[in-house]
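> Dropping a prediction and its sequence here:
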Amino acid sequence: MWLRPLLVIVLVGPFLGREIFPQVSSGQLLLRFRAPIGSRVEATERLSLDVLRSIEKAAGPGNVTITLGYVGAPPPNYPINTIYLWTSGQHEAVLRVALNPDSKIRVDEFENQLRKSLPPRFPGCQFSFEAADIVTQIMNFGAATPVEINVSGPDLGASRAFAEKVRGELAQVHALRDLQYDEPLDYPSVDVNIDRERAGQLGVTAAGVGRSFLAATSSSRFVIPNYWADPKSGVGYQVQVQVPQSEMASIQDVEHIPVTPGSASHPLLGDVAQVSYGNVVGEYHRLNGQRIVTLTANVSGQDLGRVSKQLDAAINRAGVPPRGVKVNVRGQIGPMKQTLSSLGVGLLLAVLVIFLLLAANFQSMKLAFVVLSTIPAVVCGVIFMLLITRTTLNVQSFMGAIMAIGVAVANAILLIIFAEEHRRAGNTSSVAAIRGAQTRMRPILMTSMAMIAGMVPMALGLGEGAQQTAPLGRAVIGGLSFATAATLLILPLVFSMVQERAGVKSPSLDPEDPQSAFAGQQTGNQNPLQGEAL
């Protein structure tokens, strides 16, 4: 009898999608745009404006309410801490677009459309969509996207080489979108290799070369901080000297930087050093003090639970990492697994506590088992309803399943109490079960139908942000529908089978209980004594 529900749970349950919270269309999209690495901020700004115009054109006239963009990073001569910025350099921009609520545009479908249309129009650029709503941003736990893979180790070169293998395997996972490195690993640079022997002959030190090069290309604030106090207001202003950026446009311009101002020989940078183009890591990310290489990706077309299994398989296909290199999956995958497993353990503990309480209340383990026999029906109803409505198993649907189990157990308790009273009155277990169902059918139907009717508006998910709580209502409706049918049709059969050979004497230890098994023994011991006294 319980074999079929268990088979449904075991065989059909794995087909449910899994995630922490359901995806909700917030009417906004957040796009991280990366121009070719090394682009100047003015070039990035022009490209960002073109990207925004392309988005407005794709959305249609009047469907974009407002746009907000943050382009590049402040120059190094601006005295701020860049750890609080959203970008890694002048080549990167963060664009936020708010859509018109009346546009009827689904954000996920619109993002897929832009993924196809933007790259051909902007060759060499990278695009990555990030969470625009605050709930998903929090659920990412500090990651920019739902999927983030960190490859860490003591040797950055070995970590990057293995990260490239992992990236090649992840590219075969069709549900991943916007797969890319989070850090600019190949930032163009100007390498200055000092000829120390030549520099010594000209009376130039390596420190002097570095100070002259830094002051000319960045600012004198890094070499000689200088402040001027306004005599009228007393406010101090930082005075900085820098060669105009337009005059530092090639290696030849760098080679003409004087390295020892005021010297009689007037040596230039090109006289004491070899200047060439190179590549460096534009930004370092660290985890527990170790440098890491970060891969980010979005998920589209599949739920996060299925994608997590494909990610594990892809990482395993990449092979054994080098010595000291570790791969850590961050984002929503780890918290999702922990949250759902904790909810599952909590549900099992709740069922166990209910079983013990019922056993103490009925003073019968069998009756407690009969009451809990409706729980598999609740779980089957939740599974079927989530599959029909294409809803994932998440925190909301788990809460709905727990609510449905509570109502189903309460209805089962009412039916079993009345059925047991009829059985103790002298009826057979089958007759008592039928009378108990007939007696409590109307209250059970009223309770279940009222609960289901109250959950219908929530399950429809109408209105802005209503999809966030819709899984709860759907889980309650599916679980209670199956549980009500099982309570009125199957539970009486289970009761009649379990209580068919049960006695009518109470298992109570109270000797004054007229139905107690000890009452007859005590009465039998007292009657002979009374007879002798007479």
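Structure received.
> CA only for contacts and neighbour counts going forward, please
Will do.
> Low-confidence bits of the stretch 151-300 of the chain, can you list those?
261-265 (pLDDT under 70).
> and residue 367, what helix or strand is that in?
Per DSSP states H and E, residue 367 falls inside helix 365-372.
> All the helices of the stretch 251-400 of the chain, in order from the start?
251-255, 269-272, 304-317, 333-362, 365-372, 375-388, 395-424 (DSSP state H, counting those that start in this stretch).
> For these, give me TSV that also has distance to residue 478 and mean neighbour count.
Putting those into TSV (distance: least, Cα to Cα, whole Å; neighbours: other Cα atoms under 10 Å) gives the following:
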stretch	distance to residue 478	mean neighbour count
helix 251-255	71	16
helix 269-272	77	22
helix 304-317	22	17
helix 333-362	18	15
helix 365-372	18	20
helix 375-388	5	24
helix 395-424	8	22
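> now the ones you listed in CSV, with distance to residue 121?
Formatted as CSV, the helices of the stretch 251-400 of the chain follow (distance: least, Cα to Cα, whole Å):
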stretch, distance to residue 121
helix 251-255, 31
helix 269-272, 41
helix 304-317, 30
helix 333-362, 33
helix 365-372, 61
helix 375-388, 39
helix 395-424, 40
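> for those helices, which one sits closest to residue 206?
Nearest to residue 206, of all the helices of the stretch 251-400 of the chain, is helix 269-272, at 9.5 Å by Cα to Cα.
> quick revisit: can you dump the C-alpha coordinates of the helix holding residue 367 into CSV?
The C-alpha coordinates for helix 365-372 follow below in CSV (Å, rounded to 0.1, in the frame of the first residue of the first chain):
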residue,chain,number,x,y,z
MET,A,365,2.5,3.0,18.4
LYS,A,366,0.2,1.5,15.8
LEU,A,367,-2.3,4.4,15.8
ALA,A,368,0.5,6.9,15.6
PHE,A,369,1.8,5.0,12.5
VAL,A,370,-1.7,5.0,11.0
VAL,A,371,-1.9,8.8,11.4
LEU,A,372,1.5,9.4,9.7
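> average pLDDT for that helix?
Across helix 365-372, pLDDT averages out at 89.
> what does it contact?
Applying Cα atoms under 8 Å, 6 or more residues apart in numbering, the external contacts of helix 365-372 come out as 351, 355-356, 358-359, 362, 409, 412-413, 416, 491, 494-495, 498-499.
> hmm, try it at 7 Å
355, 358-359, 409, 412-413, 494-495, 498 (Cα atoms under 7 Å, 6 or more residues apart in numbering).
> so which of the helices of the stretch 251-400 of the chain gets nearest residue 170?
helix 304-317 (5.8 Å).
> helices or strands up against that closest one?
When contacts are defined as 3 or more Cα pairs under 7 Å, 6 or more residues apart in numbering; DSSP states H and E, helix 304-317 packs onto helix 156-170.
> Buried ones in the helix it packs on, by neighbour count?
Residues of helix 156-170 classed as buried by neighbour count (16 or more other Cα atoms under 10 Å): 156, 158-160, 162-167, 169-170.
> tell me which of those is nearest to residue 273?
residue 156 (27.8 Å).
> Beta-bridge partners for the spatially closest residue to that closest one that is not a sequence neighbour, please?
Distance criterion Cα to Cα, 6 or more residues apart in numbering; nearest residue to residue 156, sequence neighbours excluded, is residue 291 at 6.5 Å. Listed by DSSP bridges, the beta-bridge partners for residue 291 are residue 286.
> pretty sure residue 291 contacts residue 285?
Yes: contact criterion Cα atoms under 7 Å: residue 291 and residue 285 qualify, at 5.7 Å.
> quick one, which of the two is more surrounded?
residue 291 (18 against 14; other Cα atoms under 10 Å).
> how close does residue 157 get to residue 283?
Using Cα to Cα, to the nearest Å, we find residue 157 at a distance of 14 Å from residue 283.
> List the residues that contact the residue nearest to residue 156.
So residue 291 contacts 152-153, 156, 284-285 (Cα under 7 Å, 6+ apart).
> now those as a markdown table including distance to residue 189?
Listed next are those as a markdown table, based on distance: Cα to Cα, whole Å:
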| residue | distance to residue 189 |
| --- | --- |
| 152 | 24 |
| 153 | 25 |
| 156 | 18 |
| 284 | 15 |
| 285 | 19 |
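> Quick one: residues contacting the residue nearest the centre of the chain.
Centroid-nearest residue in the chain, with Cα atoms, centre = their mean: residue 332, separated by 2.8 Å. Applying Cα under 7 Å, 6+ apart to residue 332 gives the contacts 139-140, 146-147.
> So which of those sit within helices?
residue 139 (DSSP state H).
> Which of the contacts of residue 332 has the largest number of neighbours?
Counting by other Cα under 10 Å, top hit in the contacts of residue 332: residue 147 with 25 neighbours.
> State the distance from that one to residue 336.
With Cα to Cα as the criterion, residue 147 and residue 336 are 12 Å apart.
> same deal with residue 319?
Residue 319 is 26 Å from residue 336, by Cα to Cα.
> cool, residue 228 as well?
Distance check for residue 228 against residue 336: by Cα to Cα, it reads 56 Å.
> what does residue 412 give?
Residue 412 is 33 Å from residue 336, by Cα to Cα.
> tell me which residues of the longest helix along the chain are tucked away?
Longest helix in the chain by number of residues (criterion: DSSP H): helix 429-460. Neighbour counts over helix 429-460 (16+ other Cα under 10 Å) mark 429-437, 440-441, 444, 447-449, 451-452, 455, 458-459 as buried.
> cool, stretch 325-332 as well?
Buried residues in stretch 325-332 (16+ other Cα under 10 Å): 325-327, 329-332.
> what angle sits between the longest helix of the chain and helix 395-424?
160 degrees (axes from the mean of the first three to the mean of the last three Cα atoms, to 10 degrees).
> average model confidence for helix 429-460?
The model assigns helix 429-460 a mean pLDDT of 90.
> can you list contacts of the next helix or strand after that helix?
Proceeding N to C from helix 429-460, the next assigned helix or strand is helix 470-485, under DSSP H and E. Helix 470-485 is contacted from outside by 374, 377-379, 381-382, 385-386, 391, 396-397, 399-401, 403-404, 408, 448, 452, 455-456, 458-461, using Cα under 7 Å, 6+ apart.
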